[in-house]
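Novice: Quick one, fold the following:
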Amino acid sequence: MLIVAGLIGVALVFDYINGFHDAANSIATVVSTRVLSPGKAVIWAAFFNFVAAFTFGTAVAKTVGSGMIDIHIVTFSVIFGGLAGAIIWDLITWYFGLPTSSSHALVGGYAGAAVAKAGVGAVITSGWTKTIIFIFLSPLIGLTTGLALMVAIHWLLRWTPPSRVDRWFRRLQLISAAFFSLNHGANDAQKTMGIIAGVLYTAHYIETFSIPFWVVLIAHTAISLGTLAGGWRIIHTMGSKITKLQPVGGFAAETGAAIALLIATRTGVPVSTTHAITGAIVGVGATRRLSAVRWGVAGQIVWAWILTIPAAFTIAAAAYTFLRLSGAQ
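Specialist: Residues are numbered from 1 along each chain as shown. Purely as a prediction, here's the structure:
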């Protein structure tokens, strides 16, 4: 019982760090356009992170918990090793202000610990295929949707005074920020739900792999509290280092990224909210001119994305191996 409670606690710590690390995804655009102050922005985002508990089901949670790793080889040590890999990588990238994917850190860590225990046969290929495809699709969908929205808005409002456009989109950006935060909470909190359900299944508290509603509530509560804390180093990178945004651009970026997340959540894919919003911001910036995007910063972010799964995998495999050698199985 104590081990189960402890692992659930570690999973919720990851969920909190996920919200803390990914707060930038939800609020960087609305803060950089000065539509909301940082304090109000995190409250706005955290509220919609939590509301998502009642909206989108648990398809992503089931994919993470039982669709990527053979649930029958999962032990408490595998779960702990996977969480350790994800948490450590998230903290490293937060320290350097890099907006990497907490989602990919978690699935990479979970896979690393499982492979360290049972070899590559522990990996379910079909579950990983969807995730790998969306590594490329989510920023592409965000980029193309954000770019298309900006082009359409500029064309439709080409005769409207800029001051009026700015005033309209300062209000509309509140809606787009809420829409993005809702989808962020829906996809990201479910990953922790899947891990907690794995703990309950391994401990035989549930006989079939399912997500109890109390797990849904605590996962959304933890990610919302993490968002409230805010990862300010990453917010600076996302909000101002990639490109300069106006309220109309913030609206287009948030809406484009939210659409990418909605598609992934509906299909049960654990996607990166970071990839989606970064792609959308780049798409919006590119509508002004290609030089409006700071490609050097974007390149650093892409390298961090590439490293995330193998880095978390390696850390988690080392954590599991340490536990095994120390006899803590």
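
Novice: so who does Pro212 touch?
Specialist: Listed by CB atoms under 8 Å, 6 or more residues apart in numbering, the contact partners of Pro212 are Ala197, Leu200, Ile206. In short, each C-beta sits where N, CA and C put it, glycine included.

Novice: For Ser326, grab the count of nearby residues.
Specialist: Look at Ser326: counted by other CB atoms under 10 Å, it has 9 neighbours.

Novice: Can you check what pLDDT the model gives it?
Specialist: Ser326 is assigned 82 on the pLDDT scale.

Novice: now Thr55: how far from Ala257?
Specialist: Counting by CB to CB, to the nearest Å, the gap from Thr55 to Ala257 is 17 Å.

Novice: Of these two, which one has the most company?
Specialist: It is Ala257, of Thr55 and Ala257, that has more neighbours when counted by other CB under 10 Å, with 35 against 12.

Novice: Stretch 81-101 - what's its average pLDDT?
Specialist: What stretch 81-101 shows for mean pLDDT is 85.

Novice: So for it, what gets flagged as buried?
Specialist: For stretch 81-101, the neighbour count (16 or more other CB atoms under 10 Å) marks 81-90, 92-94, 97-101 as buried.

Novice: same deal with stretch 151-159?
Specialist: Going by neighbour count (16+ other CB under 10 Å), the buried part of stretch 151-159 is Ile153.

Novice: and Tyr201, what does it touch?
Specialist: By CB under 8 Å, 6+ apart, the contact list for Tyr201 reads Gly65, Ser66, Ile71, Val74, Thr208, Phe209.

Novice: thought Ile263 was touching Ile141?
Specialist: Yes: applying CB atoms under 8 Å as the test, Ile263 and Ile141 come out as touching, 6.7 Å apart.

Novice: Check which residues of whatever helix or strand Thr129 lives in are buried.
Specialist: Using DSSP states H and E, Thr129 sits within helix 125-156. Going by neighbour count (16+ other CB under 10 Å), the buried part of helix 125-156 is 127-128, 130-131, 134-135, 137-147, 149-150, 153.

Novice: Mind checking what secondary structure Trp159 has?
Specialist: Under DSSP: H, G, I helix; E, B strand; the rest coil, the three-state class of Trp159 is coil.

Novice: now it: how far from Val284?
Specialist: Distance, Trp159 to Val284, using CB to CB: 21 Å.

Novice: repeat for Ala5
Specialist: Ala5 is 45 Å from Val284, where distance means CB to CB.

Novice: between the two, who's got more neighbours?
Specialist: Higher neighbour count among Ala5 and Val284: Val284, with 31 against 10, using other CB under 10 Å.

Novice: Isn't that one up against Phe251?
Specialist: No: contact between Val284 and Phe251 fails when scored by CB under 8 Å: they sit 9.2 Å apart.

Novice: mean confidence score for the strand or helix carrying Arg171?
Specialist: In this assignment (DSSP H and E), Arg171 forms part of helix 162-202. Across helix 162-202, the average pLDDT comes to 91.

Novice: Could you do stretch 114-133 as well?
Specialist: On average, stretch 114-133 scores 88.

Novice: and the gap between Ala148 and Thr93?
Specialist: Using CB to CB, we find Ala148 at a distance of 30 Å from Thr93.

Novice: now swap in Gly108 and tell me
Specialist: From Gly108 to Thr93 the distance is 13 Å (CB to CB).

Novice: Overlap of the contact sets of the two?
Specialist: What both Gly108 and Thr93 touch, as defined by CB under 8 Å, 6+ apart, is the set Thr308.

Novice: Give me the angle between the helix holding Arg171 and helix 125-156.
Specialist: With axes from the mean of the first three to the mean of the last three CA atoms, to 10 degrees applied, the angle from helix 162-202 to helix 125-156 works out at 170 degrees.

Novice: Against which helices or strands is the helix or strand following helix 162-202 packed?
Specialist: Counting by DSSP H and E, the next helix or strand C-terminal to helix 162-202 is helix 213-229. Applying 3 or more CB pairs under 8 Å, 6 or more residues apart in numbering; DSSP states H and E, we find helix 213-229 packed against helix 2-32, helix 38-51, helix 162-202.

Novice: Of all those helices, which one comes closest to Ala122?
Specialist: Ala122 lies closest, by CB to CB, to one member of the helices and strands packed on helix 213-229: helix 162-202, at 12.9 Å.

Novice: from the middle of its chain, how far away would the closest one be?
Specialist: 9 Å (CA atoms, centre = their mean, to the nearest Å).

Novice: and if you look at stretch 45-63?
Specialist: 12 Å.
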